[in-house]
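> Turn this into a model:
(chains A, B, C and D)
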Protein chains: 2
Amino acid sequence: MNKRPNKPVTLAQIAAAAGVTSMTVSRVINENGYVNAATRERVRRVARDMNYRRNGLARALKRQRTETIGLVLGDIANPFAAELSRGVREVLEKRGYTLFICISEHSAKEDVQAFDSLADHRVDGIIVATRASKLGNERLQQLIGAGIPASLIGRDFRHPHVDLVTADNLKGGYEATKHLIDLGHKRIGFIGVSLTKSVGLRRFQGYLEALNEYGLSVEENLVVGNGGGNDQMPGYSTEEMGFEGMTKLLKMKRHPTAVFARNDFTAVGALNAIEKAGLSVPHDIAIVGYDDVPLASHTSPPLTTVRQPTQEQGRVAAEFLLQRIEDGHDRARTERVFECELIVRESTKG
Amino acid sequence: MNKRPNKPVTLAQIAAAAGVTSMTVSRVINENGYVNAATRERVRRVARDMNYRRNGLARALKRQRTETIGLVLGDIANPFAAELSRGVREVLEKRGYTLFICISEHSAKEDVQAFDSLADHRVDGIIVATRASKLGNERLQQLIGAGIPASLIGRDFRHPHVDLVTADNLKGGYEATKHLIDLGHKRIGFIGVSLTKSVGLRRFQGYLEALNEYGLSVEENLVVGNGGGNDQMPGYSTEEMGFEGMTKLLKMKRHPTAVFARNDFTAVGALNAIEKAGLSVPHDIAIVGYDDVPLASHTSPPLTTVRQPTQEQGRVAAEFLLQRIEDGHDRARTERVFECELIVRESTKG
DNA sequence: GCTTGGCCTGTTAACGTTAACATAGCTCGG
DNA sequence: CCGAGCTATGTTAACGTTAACAGGCCAAGC
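Predicted structure coming up:
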């Protein structure tokens, strides 16, 4: 009764059923070349009846392109990644490309796996938005060497044939910290890095720079992160880190009067820890986040934060990539740095 | 100086360079069949030197499988989707499959596009976690008819050859509402649906059922959603909906004493609206969310919510799919419904 | 010595599609 | 009425890989 469709229908089968050659069917399907109107109709009907789906593999193999772009994200469930992919999609769709996303869960090993999968499936290009790692960078280098066009977002890796889009997080971190300093704070904590690892975080370096510039010393115990655990925890659970980090800071005999959190979720966690301790923001402690996620303007009090043009970064990365695909591998690299913008809200306004 | 790698290296080229046939190279690459140790080493070296990457398209075309699974998500940036994909990945990776994710941005049209892209690229199976739509269901039906194994998560669509995994959101909504009723609340609002559209939302139906069962009338103006706008807004920004919805409810002369929010983000938005209005939770208004996202236990007060085993749903959906891929299209359908669990926290505890 | 069976490599023919070229009928202007 | 140029179809040969089969070679067992 219902057909057993284990083997997908091929052009040849349709051709046979319609009394033409595969070539004619191909022309009908792809709507190119001359085909008699009557023939076209007949072929179309047969194809529909037989539930034909073209084999993209064969097609891509023959045409030497897949019209597909791969995007590697560190984690999903993170407004930043979402905005980014939205920007990327917007551009790609307009140009007829399909987007496949791979998630690396912030692990270098899976990063490499994602690169490999995408490369093996011969995507026309790769956009990488994961954090740099030795393993990952090596493989990336290799793929680029093999001629795969690539475009990076916020990844600290330079290569003569790869385009790069970043936000100036160093400056962002600097501005955020300076804002707190300008408000008169002397003891400013940072939540979200472990001093031993991941000190490469740009916004944290901005924090350090600002402190230095204004002659404030960096107190190691004001910098808290996820101490023992791995540094690869998915971003979405960082409000936990914020909560725990803030709790740790509050336990100090003299706790900081202001805190710069690695991102908005961390800041929200910190906010709640403070509230739980019966203290108030910004009266007892001022807080700055980072990213300006939609939630940030709806916390209580609303969060001072640093906004970066996320979707725009995705768009530009995609445009760079398509440009490179068209121009070929030897195109010179482009780098685009986006400014960040400090958004002052009640969490720091005394 | 640096090679111009526009054309990727092929087996044949390596074979020529190493003085063997492509077949031998293939055996080396895939580590199957007999190859002399010395030959193997030589081939390996040449392959590495020439920066060889196998062509997955050709391979898949020949082998008739891609060892790739497609996952269609309505939006990224949503802890639910993240957990889901984590569960899916966990299972797939163990079995050697690669996961490609497509995002439909909650649009039926893009849903269909995602299905098509994945089908064209001949993924071995598709997992769908987007909301049902007429267009989408039709295409899904078609693909299944064409023999593509599929597995659904929380999508209201039944087909004799498709497996289904859901959480019992109706019961979850019922329990959440009943919890509020048990606490003595008579006027219970719902934030997150527009009565005109999307009334198919299961958890909302549970709300209605509970009210009915306990003889409480459903007051239309206690049900607020994103009135004019489209109902397809991405999930991550729903705290905005919560904030606005709650604000609307608070403007009533007699506002509800309890509110059930469509999901935790909506609930967080509501929480902040209440705080902003100078009222307190749960004293003035009790709140229940849904999903138990990590944030939920860190809000102030911590949020009463309904937990569903999200990651587990992903895992099971993936397992169903792999089973179906192995057993073939004619396997009978399996359906698995997961229980939801009410998590009572301070946002309802007087 | 001859067979058996394990090693090692090669040859052939697809997988499903399409670019490029080939063929053939038809129309139309000069 | 001839050829130029359009329409409509077909033929051929890849794209890069691998399953299936086909030998050879060599050691061991009888």
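> Name the residues that touch the top helix by length along chain A?
Within chain A, and with DSSP state H defining each element, the longest helix by residue count is helix A:310-327. The contact list for helix A:310-327 (C-beta atoms under 8 Å, 6 or more residues apart in numbering or on different chains) reads A:69, A:80, A:83-92, A:95, A:97, A:124-127, A:129, A:149-154, A:161, A:163, A:165-167, A:291, A:331, A:334, A:336, A:338. C-beta here means a position set from N, CA and C on the backbone, and glycine is covered the same way.
> With just CA atoms, put the helix or strand hosting residue A:115 into CSV.
Residue A:115 belongs to helix A:108-120 when assigned by DSSP states H and E. What follows is helix A:108-120, C-alpha atoms only, in CSV (Å, rounded to 0.1, in the frame of the first residue of the first chain):
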residue,chain,number,x,y,z
ALA,A,108,39.2,22.7,21.4
LYS,A,109,38.8,19.0,20.4
GLU,A,110,35.3,19.5,19.2
ASP,A,111,36.3,22.7,17.5
VAL,A,112,38.6,20.7,15.4
GLN,A,113,36.0,18.1,14.8
ALA,A,114,33.6,20.8,13.6
PHE,A,115,36.1,22.2,11.2
ASP,A,116,36.8,18.7,9.9
SER,A,117,33.1,17.8,9.4
LEU,A,118,32.4,21.0,7.6
ALA,A,119,35.5,20.7,5.5
ASP,A,120,34.8,17.1,4.6
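> what helices or strands is it leaning on?
Applying 3 or more C-beta pairs under 8 Å, 6 or more residues apart in numbering or on different chains; DSSP states H and E, one finds that helix A:108-120 makes contact with strand A:68-73, strand A:98-103, strand A:125-128, helix A:134-145, strand B:98-103.
> From the contacts of helix A:310-327, keep the buried residues only.
Among those, those classed as buried by 16 or more other C-beta atoms under 10 Å in any protein chain shown are A:69, A:80, A:83-89, A:91-92, A:97, A:124-127, A:129, A:149-154, A:161, A:163, A:165-167, A:291, A:331, A:338.
> among those, which are in helices?
Using DSSP H, these in helices are A:80, A:83, A:84, A:85, A:86, A:87, A:88, A:89, A:91, A:92.
> So which of those residues is the closest to residue A:275?
Ranked by distance to residue A:275 (C-beta to C-beta), these are led by residue A:80 at 25.0 Å.
> if we can go back for a sec, what distance separates the helix holding residue A:115 from the centre of its chain?
Relative to the centre of its chain, helix A:108-120 is centred 15 Å away, using C-alpha atoms, centre = their mean, to the nearest Å.
> quick one, it and strand B:68-73 angle?
In terms of direction (axes from the mean of the first three to the mean of the last three C-alpha atoms, to 10 degrees), helix A:108-120 departs from strand B:68-73 by 110 degrees.
> List the buried residues of helix A:108-120.
Neighbour-count burial for helix A:108-120, counted by 16+ other C-beta under 10 Å, picks out A:108, A:110, A:111, A:112, A:113, A:114, A:115, A:116, A:117, A:118, A:119, A:120.
> Are that helix and DNA strand D in contact anywhere?
No: using C-beta under 7 Å from any atom of the strand, helix A:108-120 stays clear of DNA strand D, coming no nearer than 9.4 Å.
> Quick one: low-confidence residue ranges for chain A.
Confidence mapping of chain A against pLDDT under 70 gives the ranges A:1-6, A:195-200, A:226-237, A:350.
> how about the residue of the stretch 151-300 of chain A found nearest DNA strand C, what does it touch?
Nearest residue of the stretch 151-300 of chain A to DNA strand C (C-beta to the nearest atom of the strand) works out as residue A:151 at 25.9 Å. Residue A:151 makes contacts with A:125-128, A:162-165, A:317-318, A:320-321, A:324, as judged by C-beta under 8 Å, 6+ apart.
> mind redoing it with 10 Å?
A:69, A:71, A:88, A:125-129, A:162-165, A:316-325, A:333-334 (C-beta atoms under 10 Å, 6 or more residues apart in numbering or on different chains).
> my hunch is that residue A:12 is in a helix, does that hold up?
Yes: counting by DSSP: H, G, I helix; E, B strand; the rest coil, residue A:12 falls inside a helix.
> right, and residue A:135 touches residue A:142 too?
No: judged on C-beta atoms under 10 Å, residue A:135 makes no contact with residue A:142 at a distance of 11.1 Å.
> would you list the helices and strands packed on helix A:108-120 in JSON lines and tack on distance to residue B:283?
Output for the helices and strands packed on helix A:108-120, formatted as JSON lines (distance: least, C-beta to C-beta, whole Å):
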{"stretch": "strand A:68-73", "distance to residue B:283": "42"}
{"stretch": "strand A:98-103", "distance to residue B:283": "42"}
{"stretch": "strand A:125-128", "distance to residue B:283": "49"}
{"stretch": "helix A:134-145", "distance to residue B:283": "51"}
{"stretch": "strand B:98-103", "distance to residue B:283": "41"}
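> Out of the ones you listed, which gets nearest to residue A:41?
That would be strand A:98-103 among the helices and strands packed on helix A:108-120, by C-beta to C-beta, at 28.7 Å.
> Alpha carbons of the helix or strand harbouring residue A:207, as CSV, please.
Assessed by DSSP H and E, residue A:207 sits inside helix A:202-213. Listed next in CSV are the C-alpha coordinates belonging to helix A:202-213 (Å, rounded to 0.1, in the frame of the first residue of the first chain):
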residue,chain,number,x,y,z
ARG,A,202,40.2,41.0,26.1
ARG,A,203,37.7,42.7,28.3
PHE,A,204,39.6,41.6,31.4
GLN,A,205,42.8,43.1,29.9
GLY,A,206,40.9,46.3,29.5
TYR,A,207,40.0,46.1,33.2
LEU,A,208,43.6,45.7,34.1
GLU,A,209,44.7,48.6,31.9
ALA,A,210,42.2,51.0,33.4
LEU,A,211,43.2,50.1,36.9
ASN,A,212,46.9,50.6,36.0
GLU,A,213,46.3,53.8,34.3
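> Would you tell me what the next helix or strand after it is?
strand A:223-224.
> Can you name every helix or strand that that next one contacts?
Judged by 3 or more C-beta pairs under 10 Å, 6 or more residues apart in numbering or on different chains; DSSP states H and E, strand A:223-224 is in contact with strand A:188-191, helix A:202-213, helix A:238-251.
> mind listing what that strand pairs with, with the direction of each?
strand A:188-191 (parallel) (DSSP bridges).
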